[in-house]
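# Return atomic coordinates for the entry below.
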Amino acid sequence: MTTALLADLQRLGGAPHLLVHPDELVAYGYDATMGYRGAPAAVVLAETEAQVVEGLAAAVARGVPCLARGAATSLSASAVPPDGALVIDTNRMRRITDFDAERRRAVVEPGVVTRDFRDFAAERGLFYAPDPSSEAAATIGGNVATNAGGPYAFKYGVTRDAVIGLRVVTPRHGLLSLARGADDGVIDLIIGSEGTLGIVTQVTLQLRPLPSHRTVRAASFPDGESALRVVARIMEGGITPAKLEFLDDITVESLERSRPWGFPRDAGGLLLVELDGTEAEVRAESIALDELLRSAGGGMDRVNPDRAERWWEARRGITASLAKIRPAKIGEDICVPYSQLAPTFTAVKQAADDADVVVAIFGHAADGTLHPNMLYDPTDADERERAFGLLPIVADAGLSAGGILSGEHGLGRVKQPFVDRAYDAPTLAAMRGIKRAFDPDNIMNPGAMWPTESVEAHR
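Model (predicted):
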């Protein structure tokens, strides 16, 4: 960090808008991904769009790496800075600047917390669908950066499906104001780019009416593969679940060790299914679902609303509960065709057994997302290396099944080394061309996502 850049940043308002002391910077060197660390040189605590514009401009002028940071709930190390980077923290930008209930639209700043906004909309009769498990901390800006999904993704879409406008600051083009219809291509490039093309300063969201009726079913199976085979039958049976979640036996055990939620501990695989819609729609789909689950041999149970809410709360807390099995984990995600869920599950479990690593697998089964979590003790160097050694195996398992590297976590620094396995050379060249068009000097979050060797991941 040069003296000149520090002087530039001081003009943003100085303390408390600028952090430079090593003790203050420690917390900005990591995100929710275990095992990855960076050492930023300074942090701007942005409160306004103008401060973001000026902060990024200073980084570009001085050739310093820069990345935006929200709640840092990333599980792919996409919010881990390279050494010497400028971090622009947008958590103080948490205003809902416009809310139009009649048009079902809202304009929000990037620091608005996802669950807070969902609750705000629900109190006004509207529904914001993206619901990542980290929604109690994750921000809308971070949702845009990773194209976050969640259990509702299959029926209602991911973040991209809710975004109808963006304001974003880019290194090459400055501040852009984008709207659906005129700028669809650019908006869709920004969403999911993990802060490597620019920094989002405002998001316009399209909301939905709240569904009037809901019901939840739980079905247990002797093993995970059996449960996942039933997912294919549900999806092919004309049923459109609002949520269809899969939990394997290790996941269930971790939840019950953390708190007596009431999950069936003898389940080898568990499906949680929520249906929503009008009363008639829910009734018709419930009849079809109940018949299917019974014929599949699942221990079907109609879950009352109170227990359903407790279980959805437990589902959101799986990451923390896994510490009851091992203190640390690598939280992966791959997305495969639902017909390939069962064989992919089996392949990953077999690889884990061969490596003598405990792997918990759960996920949003309706859209084909599986979250293999490699569990390890960080004080056991050998176990840690075996766990990290499964990363390329999980990536290849997803790709060989006709899937993709990530369903919702993003690529970050964890999966960046495997990008060239997923795309051919012309596609990679096109990707690099997009990066250069927005960020010719590779200022924005270098080392994350894009196939480049310019910055090494810190692990």
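# Touching the single longest helix found in the chain from outside, list them.
In the chain, with assignment by DSSP state H, the single longest helix is helix 279-295. Contacts of helix 279-295 with the rest of the structure, by Cβ atoms under 8 Å, 6 or more residues apart in numbering, involve 212-215, 217, 219, 230, 233-234, 237-241, 271, 273, 275-277, 300, 302. C-beta: built from backbone N, CA, C; applies to glycine.
# Quick one, which of those are buried?
215, 217, 219, 230, 234, 239, 241, 271, 273, 275-277, 300 (16 or more other Cβ atoms under 10 Å).
# which ones among these are found in strands?
Counting by DSSP state E, these place 215, 217, 219, 271, 273, 275-277 in strands.
# Contact partners for the closest residue to residue 158 other than its chain neighbours?
Closest residue to residue 158 apart from its sequence neighbours, by Cβ to Cβ, 6 or more residues apart in numbering: residue 149 at 4.1 Å. Taking Cβ under 8 Å, 6+ apart, we find residue 149 in contact with 130, 132, 158-159, 364, 367, 369, 407-408.
# May I ask which helix or strand of the chain has the lowest mean pLDDT?
strand 301-303 (a mean of 81; mean pLDDT, DSSP states H and E).
# What strands line up against it, and which way round?
strand 213-221 (antiparallel) (DSSP bridges).
# quick one: the strand it pairs with to helix 279-295, angle?
In terms of direction (axes from the mean of the first three to the mean of the last three Cα atoms, to 10 degrees), strand 213-221 departs from helix 279-295 by 10 degrees.
# now the end-to-end length of stretch 314-333.
Start-to-end span of stretch 314-333 (Cα to Cα, to the nearest Å) is 19 Å.
# heads up, I number from 818, so please use that
OK, 818 is where the count begins now, so the last one is stretch 1131-1150.
# Can you list the buried residues in that stretch?
Those buried within stretch 1131-1150 under the rule 16+ other Cβ under 10 Å are 1131-1136, 1138-1139, 1142-1143, 1145-1150.
# likewise stretch 1259-1270?
Buried, per 16+ other Cβ under 10 Å, within stretch 1259-1270: 1259-1269.
# what does stretch 1066-1086 give?
For stretch 1066-1086, by 16+ other Cβ under 10 Å, it's 1066-1073, 1075, 1078, 1080, 1084-1086.
# number of nearby residues for the residue nearest to residue 1118 when sequence neighbours are not counted?
Counting by Cβ to Cβ, 6+ apart, residue 1118 lies nearest to residue 1035, which is 4.7 Å off, once chain neighbours are set aside. Look at residue 1035: counted by other Cβ atoms under 10 Å, it has 24 neighbours.
# quick one on the thing from earlier: which two in the buried ones among the contacts of helix 1096-1112 are spaced the farthest apart?
With distances taken as Cβ to Cβ, the most widely separated pair in the buried ones among the contacts of helix 1096-1112 is 1047 and 1094, at 21.5 Å.
# if I look at the most centrally placed residue in the chain, how far off is residue 1152?
Residue closest to the mean C-alpha point of the chain, counted by Cα atoms, centre = their mean, is residue 1226 at 3.6 Å. Here the distance between residue 1226 and residue 1152 works out to 10 Å (Cβ to Cβ, to the nearest Å).
# same deal with residue 1221?
5 Å.
# Please enumerate the shared neighbours of the two.
Overlap of the contact sets of residue 1221 and residue 1152 (by Cβ under 8 Å, 6+ apart) consists of residue 1215.
# more crowded one of these two?
Neighbour count, other Cβ under 10 Å: between residue 1221 and residue 1152, residue 1152 has more, with 22 against 16.
# picking that back up, which strand or helix spans the residue nearest to residue 975?
Taking DSSP states H and E as the definition, one finds residue 966 inside no helix or strand.
# Just to check, residue 1233 is in contact with residue 1248?
No. Here residue 1233 lies out of contact with residue 1248, judged by Cβ atoms under 8 Å, at a distance of 11.7 Å.
# Now the common contact residues for those two.
Joint contacts of residue 1233 and residue 1248 (Cβ under 8 Å, 6+ apart) are 1267-1268.
# where do the helices sit along the stretch 868-1017 of the chain?
Using DSSP state H, counting those that start in this stretch, the helices found in the stretch 868-1017 of the chain span residues 931-939, 957-963, 970-973, 976-979, 1001-1007.
# These: which one's closest to residue 1242?
Closest to residue 1242 of these, according to Cβ to Cβ: helix 1001-1007, at 20.4 Å.
# Just the buried residues of the closest one, please?
1003-1004, 1006-1007.
# just the residues you listed now: which is nearest residue 899?
Distances from residue 899 to the buried residues of helix 1001-1007, taken by Cβ to Cβ, are shortest for residue 1007, at 21.0 Å.
# per-residue confidence for that closest one?
Note on residue 1007: pLDDT of 97.
# repeat for residue 1113
pLDDT, read off for residue 1113, is 89.
# Among the buried residues of stretch 1131-1150, pick out the one closest to residue 919, please.
Taking those together and measuring to residue 919 by Cβ to Cβ, the closest member is residue 1133, at 31.5 Å.
# do you know how far that closest one is from residue 954?
11 Å.
# Name the helix or strand for the residue lying closest to residue 846 once chain neighbours are set aside, please.
Leaving aside its sequence neighbours, residue 846 sits nearest to residue 855 (Cβ to Cβ, 6+ apart; 4.9 Å). If you go by DSSP H and E, residue 855 is not part of any helix or strand.
# So residue 855 sits against residue 900, correct?
Yes. Counting by Cβ under 8 Å, residue 855 touches residue 900, with 5.9 Å between them.
# More neighbours: which of the two?
Taking neighbours as other Cβ under 10 Å, residue 855 and residue 900 compare with residue 855 leading, 25 against 14.
# check contacts around residue 1138.
Going by Cβ under 8 Å, 6+ apart, residue 1138 touches 1068, 1071-1072, 1074-1076, 1131.
# picking that back up, out of the helices of the stretch 868-1017 of the chain, the one nearest residue 835 is which?
Nearest to residue 835 among these is helix 957-963; the distance by Cβ to Cβ comes to 19.9 Å.
# contacting residues around that closest one?
Contacts of helix 957-963 (Cβ under 8 Å, 6+ apart): 885, 887-888, 890-891, 893, 895-896, 907, 910, 925-931, 934, 947, 949, 965, 976, 980, 983, 1007-1012, 1017, 1020, 1022, 1225-1227.
# got the buried residues for it?
So, applying 16+ other Cβ under 10 Å, buried residues of helix 957-963: 957-963.
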